[in-house]
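> starting from these lines, generate the structure:
(chains A and B)
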There are 2 protein chains.
Amino acid sequence: MPSLQPIGAQHPKVRQVQSIQRNSAPNPHRLFIAEGLWAHNLLLEHDIPIDTFFWSPEAAYGDEAHKRAEQLAQRADRAYEISAKTLERISERDRPDGLLSLAPLPRWEPEDIDLPPDALVMVADGMEIPGNLGTLIRTLDACRVDCLILTNRRTRLTHPKVFRASQGMVLTTPTLEFGQPEQAVDWLRRNNFDVFLADTEDARNYRRYRYGGRRTAFVLGAEKYGIPKAWYQPHVKKVFVPMLGRADSLNVSVSAAVLLYEARAQKEQW
Amino acid sequence: MPSLQPIGAQHPKVRQVQSIQRNSAPNPHRLFIAEGLWAHNLLLEHDIPIDTFFWSPEAAYGDEAHKRAEQLAQRADRAYEISAKTLERISERDRPDGLLSLAPLPRWEPEDIDLPPDALVMVADGMEIPGNLGTLIRTLDACRVDCLILTNRRTRLTHPKVFRASQGMVLTTPTLEFGQPEQAVDWLRRNNFDVFLADTEDARNYRRYRYGGRRTAFVLGAEKYGIPKAWYQPHVKKVFVPMLGRADSLNVSVSAAVLLYEARAQKEQW
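Got it, this is the predicted structure:
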């Protein structure tokens, strides 16, 4: 491995990592922080460009880290060596393993999404807790949802917890962002989706609808903020997942899984 | 409200709260820590006995806290007044609201569980992450599962995250613990359950089984430890939830929700 330029804790790129962690500065390139062997294997596997690679040989354990470091240093736009002490300042892990990168989160535009005739899409409004968003993305991956649409997003996709809770699937699950719900309503209408709004009033049990052979979108609102008015349209159907117990709500990923698996099962005729 | 005995940070009951938080001493009465108005409303609603109630009027905001404090002080075996400073030492909240209690988690025995002819039961082996166990319990509540069976448990039910993530449903969801999986296998056999083991090899899609009109138990193993051998019995059927994406596993609550809602839907003929 060719030697890398050593830098210290005051270097602008080290400070950039900290500002992204604290979300204290604009992040126009949607850089996120990948830490450790597992995350870096994902970057390589999914061919994600790397803005900056930080390598701390004194913190590394195991041969695989050294092998990956070489590949990552080659691949990255910039690669630096840092001390274990500097790594500890920018790491959120208990036992950092020498590898840390800044990489841009892939960005999808509406025209990038290839929609099959029986497409399956999830819309989530007002997502606020990064761990919940991550778990939702992991669930969407399992159901091979064609895309996730976010409206009124209140957490950033670059949050480290989104990456971790999604098991890195935030890198591969196509995600569209519409600032206003109206834009999502329009996009779904133009693309001939049947739209099902998860709501409790005047709604039908999710098993009572037919989802096979056509495009299906489910819309989940945030408990805290309710469902934006734009979704209450005559062509939007209302659906509910029965809650038979004492609690009055389901975790968003759990609701999503129940709805999406029903639709997927009908589409695939399981 | 009658005045309560003021106690300080060195009082044995205050120290007991800390030892339960740190899990640093035996806890034979399965005491858990309830914090704040929401949790205390649940204690009252579900008629949970209260071992010790700590009340810090200087930390309280709002009339409801004062009203509840009176009820709680009456109900508790012991009630003490503590300073806001002492409360802060034993609170895990950012902004404690004056109410904190030690209460025993309800305990169920196998003979307490009233099993209907179409009972639905979830078995979880090797649960390790308290937040996951809590979310699982919230999901079981929503599906009105008759009981949760835990084997090889690696986190305690009294962990504050179990309480929070379950939205308090750990107080009302019947839970049986069997140290050894063999005991759970026996109990299910004696009670005429169809047992479905979530596994990927030689398994059938979860939609291909019939769950209506009979007793159903699903068994989920921990990713990390695999499924104990005791479950591989001729009468145990294997079931899988298809994962169509790039990640190789589903969150345990998500798998549980997909399986349980399918079974519930068939039982209820949704």
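
> mind checking the end-to-end distance for stretch A:198-215?
Its first and final residues considered, stretch A:198-215 spans 17 Å by CA to CA, to the nearest Å.

> return the distance of that stretch from the chain's centre.
A distance of 25 Å separates the centroid of the chain from that of stretch A:198-215, by CA atoms, centre = their mean, to the nearest Å.

> near chain B, which residues of the stretch 151-270 of chain A show up?
Residues of the stretch 151-270 of chain A lying close to chain B (CB under 8 Å from any CB of the partner chain) are A:167-169, A:172-173, A:205, A:207-208, A:241-247, A:249-251, A:253-254, A:257-258, A:261, A:264-265, A:270. No exception for glycine: its C-beta is placed from N, CA and C like everyone else's.

> rerun at 6 Å
Residues of the stretch 151-270 of chain A lying near chain B by CB under 6 Å from any CB of the partner chain: A:167, A:169, A:172, A:205, A:207, A:243-247, A:250-251, A:253-254, A:257-258, A:261, A:265, A:270.

> just the buried residues of those residues.
In terms of neighbour count (16 or more other CB atoms under 10 Å in any protein chain shown), the buried residues within these are A:167, A:169, A:172, A:207, A:243, A:245-247, A:250-251, A:253-254, A:257-258, A:261, A:265.

> tell me where chain A has strands.
A:5-6, A:31-35, A:52-55, A:78-81, A:99-104, A:120-125, A:147-151, A:175-178, A:193-198, A:204-205, A:215-220, A:237-240 (DSSP state E).

> list the buried residues in the last one.
By neighbour count, with 16+ other CB under 10 Å as the criterion, the buried positions of strand A:237-240 are A:238-240.

> show me what it is packed up against.
Helices and strands touching strand A:237-240, by 3 or more CB pairs under 6 Å, 6 or more residues apart in numbering or on different chains; DSSP states H and E, are strand A:193-198.

> hmm, 10 Å instead?
strand A:193-198, strand A:204-205, strand A:215-220, helix A:252-268 (3 or more CB pairs under 10 Å, 6 or more residues apart in numbering or on different chains; DSSP states H and E).

> can you redo the buried residues of strand A:237-240 as a markdown table with pLDDT?
Listed next are the buried residues of strand A:237-240 as a markdown table, based on pLDDT from 0 to 100:
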| residue | pLDDT |
| --- | --- |
| A:238 | 97 |
| A:239 | 97 |
| A:240 | 96 |
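
> tell me the one of those nearest chain B?
Lowest distance from chain B to the buried residues of strand A:237-240 (CB to the nearest CB) belongs to residue A:240, with 10.9 Å.

> which non-adjacent residue is nearest that closest one?
Of all residues not flanking residue A:240 in the chain, residue A:203 sits nearest, at 4.1 Å (CB to CB, 6 or more residues apart in numbering or on different chains).

> hang on, that neighbour packs against residue A:196?
Yes - counting by CB atoms under 10 Å, residue A:203 sits close enough to residue A:196 to count as a contact (9.0 Å).

> mutual contacts of those two, please.
A:237-240 (CB atoms under 10 Å, 6 or more residues apart in numbering or on different chains).

> for residue B:185, which of the strands of chain A is the nearest?
strand A:204-205 (34.2 Å; CB to CB).

> and for the residue lying closest to residue A:156 once chain neighbours are set aside, the neighbour number?
Nearest residue to residue A:156, sequence neighbours excluded (CB to CB, 6+ apart): residue A:23, at 6.6 Å. For residue A:23, the neighbour count with other CB atoms under 10 Å in any protein chain shown is 12.

> what pLDDT is listed against residue A:23?
On pLDDT, residue A:23 comes in at 87.

> residues contacting residue A:77?
Residues in contact with residue A:77 (CB under 10 Å, 6+ apart) are A:49-53, A:102-103.

> which PyMOL command selects the buried ones in those?
Restricted to buried positions by 16+ other CB under 10 Å, the PyMOL selection for the contacts of residue A:77 reads:
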select buried, chain A and resi 50+51+52+53+102+103
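
> closest to chain B among the contacts of residue A:77?
Using CB to the nearest CB, those come closest to chain B at residue A:103, 17.2 Å.

> right, and that closest one touches residue A:49 too?
Yes - taking contacts as CB under 10 Å, residue A:103 lies within contact range of residue A:49: 6.6 Å.

> circling back to that earlier point, okay, the helices and strands packed on strand A:237-240 in TSV with mean pLDDT next?
Shown next, in TSV, are these (pLDDT from 0 to 100):
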stretch	mean pLDDT
strand A:193-198	97
strand A:204-205	97
strand A:215-220	98
helix A:252-268	96
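
> so which of these is nearest residue A:10?
When those are compared by CB to CB, helix A:252-268 sits nearest residue A:10, at 40.8 Å.

> for the closest one, packing partners?
Helices and strands touching helix A:252-268, by 3+ CB pairs under 10 Å, 6+ apart, are strand A:120-125, helix A:130-142, strand A:193-198, strand A:215-220, strand A:237-240, helix B:130-142, helix B:252-268.

> cutoff 6 Å now
By 3+ CB pairs under 6 Å, 6+ apart, helix A:252-268 packs against helix A:130-142, strand A:215-220, helix B:252-268.

> closest one to residue B:18 among those?
Of these, nearest to residue B:18 by CB to CB is helix A:130-142, at 26.9 Å.

> does chain B have contacts with the closest one?
Yes - contact of helix A:130-142 with chain B (CB under 6 Å from any CB) involves A:135, A:138-139, A:141-142.

> chain B: which of the buried ones among the residues of the stretch 151-270 of chain A next to chain B is nearest?
residue A:245 (3.4 Å).

> which residues does the nearest residue to that closest one once chain neighbours are set aside contact?
Residue nearest to residue A:245 in three dimensions, not counting chain neighbours: residue B:141, with 3.4 Å by CB to CB, 6+ apart. Residue B:141 is in contact with A:245-247, B:169, B:173, counting by CB atoms under 6 Å, 6 or more residues apart in numbering or on different chains.

> now do 10 Å
A:243-247, A:250, B:148, B:166-170, B:172-173.

> try residue A:93
Residue A:93 makes contact with A:35-36, A:87, A:100, A:160 under the criterion CB under 10 Å, 6+ apart.

> neighbour count for the residues you listed - can I get that in a markdown table?
Converted to a markdown table, the contacts of residue A:93 look like this (neighbours: other CB atoms under 10 Å in any protein chain shown):
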| residue | neighbour count |
| --- | --- |
| A:35 | 23 |
| A:36 | 16 |
| A:87 | 24 |
| A:100 | 28 |
| A:160 | 18 |
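
> minimum pLDDT in those residues, which residue is that?
Lowest-confidence member of those: residue A:160, scoring 89 (pLDDT).

> in this structure that residue contacts residue A:22, no?
No - the pair residue A:160 / residue A:22 is not scored as a contact, 11.2 Å apart, by CB under 10 Å.

> now do the buried residues in stretch A:114-128.
Applying 16+ other CB under 10 Å to stretch A:114-128 flags A:118-127 as buried.

> start and end of it, how far apart?
By CA to CA, the extent of stretch A:114-128 from end to end equals 28 Å.

> off-centre distance for that stretch?
Here the centre of stretch A:114-128 is set off from its chain's centre by 13 Å, with CA atoms, centre = their mean.

> stretch A:40-57 too?
Offset of stretch A:40-57 from its chain centre (CA atoms, centre = their mean): 18 Å.

> that one and chain B, are they touching?
Yes - interface with chain B: stretch A:40-57 contributes A:42, A:45-46 (CB under 10 Å from any CB of the partner chain).

> okay, residue A:50: pLDDT?
Confidence for residue A:50, expressed as pLDDT, is 97.

> not counting sequence-adjacent ones, nearest residue to it?
Closest to residue A:50 by CB to CB, 6+ apart is residue A:76, at 4.0 Å.

> swap in residue A:44?
residue A:71 (6.3 Å).

> from chain B, how far off is that neighbour?
The gap separating residue A:71 from chain B is 20 Å, by CB to the nearest CB, to the nearest Å.

> give me the number of residues near that residue?
For residue A:71, the tally of surrounding residues (other CB under 10 Å) stands at 14.

> check it and give its pLDDT.
The model's pLDDT for residue A:71 equals 96.
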